[in-house]
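Colleague: Predicted structure and sequence below. I'll ask about it afterward.
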Amino acid sequence: MGKKWLRIGTFFAIVIALGVLIFQTAEDVASDTNLGLDLQGGFEVLYQLQPEDGEELTDDDIQSTATALNQRVNVLGVSEPAISVEGEDRIRVQLPGVEDQQEARATLGTEAELTFRDVDDNVLLTGEDLQQGGAQATFDPDDNSPIVALTLQDGDKFGDITAELSQQTPPENLLVIWLDFEEGMSFAEEAQSEDPAYLSAPQVTQTLRQPEVVITGSFTLEETEFIADILNAGALPVSLEEVYSNAVGASLGEQALEQTLIAGMIGVALVFIYMLAYYRFMGVIATITLSVYIYLVMIFFNAIQGVLTLPGIAALILGVGMAVDANILTYERIKEELKDGKSVKSAYKAGSRRALGTIIDANITTIIAAAVMFYFGTSAVQGFAVMLITSILTSFITAVWGSRVLLGLWVNSRTLNRKYWLFGVKGRDVRGL
């Protein structure tokens with residue numbers, strides 16, 4: 001009698017402890033989940049890398065470009081960007097939560113190649129002469145106008161350049177500062193424009209042997225901050241051509257999340273109702289373990305820094321079906337053993353043992369398919385695959401091990417002996433009765 005109630009008490013203690021844990025931490029787990037741009041809005045763009053004429057694109061070029069884009073994403077302040085290389089010459093950038101999509105496109109797409117040139121467009125200095133992180137948006141101490149302060153690696157090199165320019169007569173003594181000088185541009189033509197493409201063209205009247213340089217002009221504070229940030233992020237090794245872009249408004253993302261969650265809850269509720277109606281007491285066990293399963297999936301998904309997308313939620317719901325399938329295989333085996341006239345304990349042991357091989361085979365084949373989708377897929381397909389793999393692995397903890405532990409406590413307590421109806425089995429179907 002003592003062992004019987006000890007096992008039943010252990011069952012309720014486990015269930016209550018799990019319920020309290022889920023109730024107290026579920027909100028934190030949900031808030032820690034990183035949402036994809038299809039759920040919270042944002043910006044996605046696919047770039048094709050364009051090497052210089054006659055040059056071949058290398059793996060170093062691709063990785064360097066991805067690194068530079070990642071540094072630029074930091075300028076935008078995006079907390080969970082996704083930058084992935086696709087194929088041999090494409091990079092996909094996903095920026096969840098971005099509101100100013102034009103700013104994102106400008107920040108990502110500009111080459112940010114800084115050059116100092118003379119009036120004949122000869123290169124005197126490049127962005128490689130800057131110290132790392134050496135650009136800063138600040139204010140002119142004289143008139144408080146926004147300027148960009150630069151720190152060069154070699155002040156003597158700048159001194160030699162200014163010494164030579166200071167000997168020239170105006171306007172030959174101009175130091176023209178360009179950002180993204182393109183072939184076909186010239187200072188002579190741009191100087192006639194109301195809005196020239198170069199940043200600044202100050203006169204050099206003396207030798208400046210110093211590492212500090214300032215870029216002045218009719219800048220707004222936002223413009224100086226953009227120039228400083230983009231220079232600190234570094235120039236792109238190759239040019240980028242935008243192949244595809246997709247913008248999702250925050251309101252559309254929230255609406256999609258709400259509708260998907262409602263659909264998911266309805267689907268899970270129908271599964272619970274079916275399990276309770278068809279498998280009776282075993283359905284109760286399945287409902288408990290499936291609830292724990294969903295909770296653990298989200299914890300594991302957050303632990304690997306996964307980004308939840310609409311396909312990811314679909315994979316989570318599909319994972320519920322996979323976990324239920326594991327329960328159904330076990331429960332059907334147990335019912336068959338009961339119908340053969342075995343005791344509840346014997347039916348439980350034999351049914352659990354015989355179902356395990358089938359469950360493992362089914363889940364392994366699904367994991368292989370998900371792994372292939374992750375390797376060859378992109379973006380949302382990879383999110384679906386990651387969530388599906390996480391769901392399947394978690395189902396082994398809950399649907400296989402957890403379900404057996406909880407059901408085993410009741411079976412070993414002998415409380416369920418000869419109560420076939422609790423297993424969804426009619427007495428007339430049991431041989432020998």
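Modeller: Thanks, I have it.
Colleague: Make sure Leu296 is actually in contact with Leu393.
Modeller: No - Leu296 is not in contact with Leu393 according to CB atoms under 8 Å; the separation is 9.8 Å. Yep, even glycine has a C-beta here, placed from its N, CA and C like the rest.
Colleague: what bits of this structure have low per-residue confidence?
Modeller: 1, 53-54, 74-80, 99-100, 109, 111-112, 233-236, 249-253, 378-380, 432-433 (pLDDT under 70).
Colleague: Let me see the ranges of the helices in it.
Modeller: Taking DSSP state H as the test, the helices found in the chain are 2-31, 37-40, 59-76, 101-109, 155-165, 187-190, 221-233, 250-279, 281-303, 310-339, 344-376, 380-395, 403-412.
Colleague: Val425: which of the ones you listed is closest?
Modeller: helix 310-339 (5.0 Å; CB to CB).
Colleague: Quick one: distance of that closest one to the chain centre.
Modeller: 28 Å (CA atoms, centre = their mean, to the nearest Å).
Colleague: Output the contacting helices and strands for that helix.
Modeller: Packing contacts for helix 310-339, counted by 3 or more CB pairs under 8 Å, 6 or more residues apart in numbering; DSSP states H and E, involve helix 250-279, helix 281-303, helix 344-376, helix 380-395, helix 403-412.
Colleague: Ile288 against Ile14, yeah?
Modeller: No - between Ile288 and Ile14 no contact is recorded; they are 9.0 Å apart, counting by CB under 8 Å.
Colleague: Need the overlap of contacts for these two.
Modeller: Shared contacts of Ile288 and Ile14, defined by CB atoms under 8 Å, 6 or more residues apart in numbering, are found at Leu406.
Colleague: what about these two, which has more around it?
Modeller: Ile288 (19 against 16; other CB atoms under 10 Å).
Colleague: wait, which of the helices of the chain is closest to Gln132?
Modeller: Comparing these by CB to CB, helix 221-233 comes nearest, at 7.8 Å.
Colleague: Report the inter-axis angle for the closest one versus helix 101-109.
Modeller: Here helix 221-233 points in a direction 30 degrees away from that of helix 101-109 (axes from the mean of the first three to the mean of the last three CA atoms, to 10 degrees).
Colleague: From the rest of the structure, what touches helix 221-233?
Modeller: For helix 221-233, contacts defined as CB under 8 Å, 6+ apart pick out 68, 71-72, 74-75, 106-107, 110, 112, 114, 127, 130, 132-138, 146-148, 150, 179, 199, 215, 219.
Colleague: Type out the ChimeraX command that picks the buried ones from those.
Modeller: To isolate the buried subset of the contacts of helix 221-233 in ChimeraX, counting by 16 or more other CB atoms under 10 Å, use the following:
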select :68,72,75,107,110,112,114,127,130,134,135,136,137,146,147,148,150,179,199,215,219
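Colleague: OK, contacts around Ile299?
Modeller: Ile299 touches Val29, counting by CB under 8 Å, 6+ apart.
Colleague: And it, how close does it get to Ala30?
Modeller: Distance, Ile299 to Ala30, using CB to CB, to the nearest Å: 11 Å.
Colleague: Please report the distance of the nearest residue in space to Phe281 that is not next to it in sequence from Tyr279.
Modeller: The shortest distance from Phe281 to any non-neighbouring residue, by CB to CB, 6 or more residues apart in numbering, is to Leu422 (4.1 Å). Using CB to CB, one obtains 9 Å as the distance from Leu422 to Tyr279.
Colleague: got it, and Ala106?
Modeller: For Ala106, the distance to Tyr279 (CB to CB) stands at 58 Å.
Colleague: I'd guessed Leu290 sits against Thr398; true?
Modeller: Yes - taking contacts as CB under 8 Å, Leu290 lies within contact range of Thr398: 7.1 Å.
Colleague: give the contact list for the closest residue to Gly127 other than its chain neighbours.
Modeller: Excluding its sequence neighbours, the residue lying closest to Gly127 (CB to CB, 6+ apart) is Leu114, at 3.8 Å. With contacts defined as CB under 8 Å, 6+ apart, Leu114 is in contact with 126-127, 130, 177-179, 231, 235.
Colleague: Mind checking which of Leu422 and Tyr279 has more residues around it?
Modeller: Set Leu422 next to Tyr279 and count neighbours by other CB under 10 Å: Tyr279 wins out with 23 against 17.
Colleague: Please list all residues in contact with that one.
Modeller: 286, 327-328, 331, 423-424.
Colleague: do you know how far it is from Arg428?
Modeller: 18 Å.
Colleague: Tyr244 too?
Modeller: Distance, Tyr244 to Arg428, using CB to CB: 64 Å.
Colleague: Which one's more surrounded, these two?
Modeller: Tyr244 (11 against 7).
Colleague: Could you pull up the contacting residues of that one?
Modeller: 45-46.
Colleague: Look up how far Ile91 lies from it.
Modeller: For Tyr244, the distance to Ile91 (CB to CB) stands at 12 Å.
Colleague: Need the overlap of contacts for those two.
Modeller: Common neighbours of Tyr244 and Ile91 (CB under 8 Å, 6+ apart) are Leu46.
Colleague: thinking again about what came up before, and the gap between the residue nearest to Phe281 and Leu338?
Modeller: 10 Å.
Colleague: cool, Lys419 as well?
Modeller: To Leu338, Lys419 is 10 Å away according to CB to CB.
Colleague: same thing with Ala303?
Modeller: Taking CB to CB, one finds Ala303 at 40 Å from Leu338.
Colleague: Between those two, which is the more surrounded one?
Modeller: Leu338 (24 against 10).
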